[in-house]
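Asker: Provided below for reference: sequence and predicted model.
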Amino acid sequence: MPALVVIGAQWGDEGKGKVVDYLTSRCDMAVRFQGGNNAGHTLVVNGVKTKLNLIPSGILREATTCLIGAGVVLNPEVLMGEIEALRAAKVKVEPQRLLIDFNTHLILPYHIAIDGAREEAKGQNKIGTTGRGIGPAYEDRAARCGVRVADLLALRELKARVDENTEHANRYLEHVLGSARRVGFEDVWQVIENAASHVLPFAADGSRVLDTALRQGNRVIFEGAQGTLLDQSFGTVPFVTSSHTLAGAVTTGCGVGPRSVDYVLGVAKAYSTRVGSGPFPTELSDRIGETIREKGAEFGTVTGRPRRCGWLDAVALRRAVRLNGLDSVMLTKLDVLSGLESLKICASYELDGKSLDDLPVTLGDIGRVVPVYQELKGWNEPIDQARSTAQLPEAARSYVKAVSQLIGCPVSMLSVSPERSATFEHEGSSFLRDFVA
Ligand code: GDP
Ligand code: IMO
Ligand code: MG
């Protein structure tokens, strides 16, 4: 202890990477506990951009050990590419600094083929996945036929299972999905052999390392991927990812007990975005939505798809406060709202004449809710150079206050540009201060 969980409070891309990078200045360990390379986390330090898909956002801090926990699904080739790119940028990525839990499951070529073929087969009804094989890899984990990092230690015993999995995948692609995609055993095996050479050196007993770190009083940050409304149980099912994105996933994602976490920080944008299909009550399909997309550079880090943009949804955020037990929220991208004459925050929904203060249970009803907005004055001046709340225009301060009141949770920190340094305390928290002091 002390251990902090950072999770996305909306539909992903809230700025989790930036916040984790900021908070790791005095941090001993940064840990990913779910998701895979569907995540795209962006760090900007002195104008230099680093994009991470699998490696925790503490990697730029030399004193921070990074752990990929067992709850992650890991594409070994993507990992090797990421390590290479970091090394090319002179970041040290050695087995002492990056650990991968032996229990982590691998994403293999047949998972990617099935993900793509399923989306094709769904046509108009597609989920809009990132196409990275995330769902099929988690399915194999649940079906107990997946391949773990530990399996790379005994390649000879693994061969028959991989052969069977590949054959099964090809039959499924052909006969169920009607797809022309096929996966060759030799290609899959090549990936596995490469992983045995290049990934195994990083393999470790992650939960034990973490347990020791926590017992020694080290500072640990658990870095969530995706966001609360993409959780496979509590998000807008079926338009969600295939892992639990909530703070609770830390325990099973790293093998630590529920008492290991001291503080839960939710990251939320000052507005809302969503990539892929699915209901989005406050979506703006007009000029304002386009303005936000352009000013906020709202194009997916992983797939480059334009993100759908909309007003801040306090109903969805209140749900995130509850589902994660948030201690506070960090509000990012406040600068993007500069220049809008008036701003709206969705305070509640209306459905068939009834007022709702949470998402309804059926997908159809979520798609039919009408947002009830609170309107606030905008501000004109750019705020990306602000480094304290006092330097913000009055209207921006009022906006942040309204957010905090509507979601019933303190806003501890603000972010006003992609730069690491453009982050400052708002309501403040001595717990978080300890991570950056
Ligand atoms: P993550 O997936 O939650 O880590 O977020 P992404 O990196 O996918 O998307 C957030 C984007 O917003 C990245 O391009 C960040 O560099 C950028 N960003 C983060 N915080 C701010 C901010 O306060 N202002 C602006 N303008 N951009 C930000
Ligand atoms: P970070 O960590 C935003 C979305 C996809 C799709 C759905 C399912 O960068 O915030 P998947 O490939 O996971 O099966 O896709 O989830 N999605 C994300 N959206 N940010 C992410 O991660 C996402 N990871 C998955 O767009 O709608
Ligand atoms: Mg992202």
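Answerer: Received the coordinates, thanks. Numbers count the residues shown, from 1 in each chain. Ligands and ions are numbered 1, 2, ... in the order given.
Asker: ok, then the element right after the strand ranked longest in the chain?
Answerer: The longest strand of the chain (DSSP state E) is strand 342-351. Once the chain leaves strand 342-351, the next helix or strand it forms, by DSSP states H and E, is strand 354-356.
Asker: Whichever helix or strand comes after that following strand and ligand 2, are they touching?
Answerer: Sequence order places helix 363-368 as the next helix or strand after strand 354-356, per DSSP H and E. No. Judged by C-beta under 6 Å from any ligand atom, helix 363-368 makes no contact with ligand 2; its nearest approach is 13.7 Å. Backbone N, C-alpha and C define where each C-beta goes, glycine included.
Asker: What is the subsequent helix or strand relative to helix 363-368?
Answerer: Next along from helix 363-368, by DSSP H and E: strand 370-377.
Asker: Please name every helix or strand in contact with that following strand.
Answerer: Using 3 or more C-beta pairs under 8 Å, 6 or more residues apart in numbering; DSSP states H and E, the elements in contact with strand 370-377 are strand 342-351, helix 394-407.
Asker: contact partners of it?
Answerer: Strand 370-377 is contacted by residues 281-282, 311, 313, 315, 342-351, 355, 395, 398-399, 402, 406 when judged by C-beta atoms under 8 Å, 6 or more residues apart in numbering.
Asker: returning to what we had before: now for the longest strand of the chain, which elements pack on it?
Answerer: Partner elements for strand 342-351 (3+ C-beta pairs under 8 Å, 6+ apart): strand 312-313, helix 314-324, strand 354-356, strand 370-377, helix 394-407.
Asker: Let me see the mean pLDDT of stretch 131-140.
Answerer: Across stretch 131-140, pLDDT averages out at 98.
Asker: What residues sit buried inside that stretch?
Answerer: Across stretch 131-140, burial judged by 16 or more other C-beta atoms under 10 Å covers Arg132, Gly133, Ile134, Gly135, Pro136, Ala137, Tyr138, Asp140.
Asker: out of everything not next to it in sequence, what's closest to Asp187?
Answerer: Among residues not flanking Asp187 along the chain, Pro109 sits closest, at 5.7 Å (C-beta to C-beta, 6 or more residues apart in numbering).
Asker: wait, doesn't Glu298 sit right on Arg307?
Answerer: Yes. Using C-beta atoms under 8 Å, Glu298 is in contact with Arg307, at 3.9 Å.
Asker: Looking at the two now, which is surrounded by more residues?
Answerer: Glu298 (23 against 20; other C-beta atoms under 10 Å).
Asker: who touches the more buried one in this structure?
Answerer: Asp13, Thr273, Ile292, Pro306, Arg307, Cys309.
Asker: who wins for neighbours among those?
Answerer: Neighbour-wise, those (other C-beta under 10 Å) top out at Asp13, 28 neighbours.
Asker: all strands of the stretch 201-350 of the chain, in order?
Answerer: Here the stretch 201-350 of the chain has its strands, by DSSP state E, counting those that start in this stretch, at 203-204, 220-223, 263-269, 272-274, 308-310, 312-313, 328-332, 342-351.
Asker: Out of the ones you listed, which is closest to Ala89?
Answerer: Closest of the strands of the stretch 201-350 of the chain to Ala89 is strand 220-223, at 19.6 Å (criterion: C-beta to C-beta).
Asker: Could you find the closest non-adjacent residue to the residue most central in space within the chain?
Answerer: Compute the mean C-alpha point of the chain, and by C-alpha atoms, centre = their mean the closest residue is Ala225, 2.0 Å away. Of all residues not flanking Ala225 in the chain, Gly35 sits nearest, at 3.3 Å (C-beta to C-beta, 6+ apart).
Asker: So what's the residue count around Glu341?
Answerer: 9.
Asker: Just the pLDDT for the closest residue to it other than its chain neighbours.
Answerer: What sits nearest to Glu341 in space, not counting adjacent residues and going by C-beta to C-beta, 6+ apart, is Gly378, at 5.1 Å. At Gly378, the pLDDT value in this model is 98.
Asker: so who does Gly378 touch?
Answerer: By C-beta under 8 Å, 6+ apart, Gly378 lies in contact with Leu337, Ser338, Gly339, Leu340, Glu341, Ser342, Leu343, Ala395.
Asker: Against ligand 1, how distant is the last one?
Answerer: It refers to Ala395. Taking C-beta to the nearest ligand atom, to the nearest Å as the measure, Ala395 falls 17 Å from ligand 1.
Asker: same check, this time on the fifth one
Answerer: Computed with C-beta to the nearest ligand atom, the distance linking Glu341 and ligand 1 is 19 Å.
Asker: Let me know how buried the residue nearest to Gly69 when sequence neighbours are not counted is, in neighbour terms.
Answerer: Counting by C-beta to C-beta, 6+ apart, Gly69 lies nearest to Cys254, which is 3.9 Å off, once chain neighbours are set aside. The number of residues packed near Cys254 is 27, by other C-beta under 10 Å.
Asker: which bits of the stretch 1-150 of the chain sit near ligand 1?
Answerer: Going by C-beta under 6 Å from any ligand atom, the residues of the stretch 1-150 of the chain near ligand 1 are Gly8, Gly12, Asp13, Glu14, Gly15, Lys16, Gly17, Lys18, Gly40, His41, Thr42, Val44.
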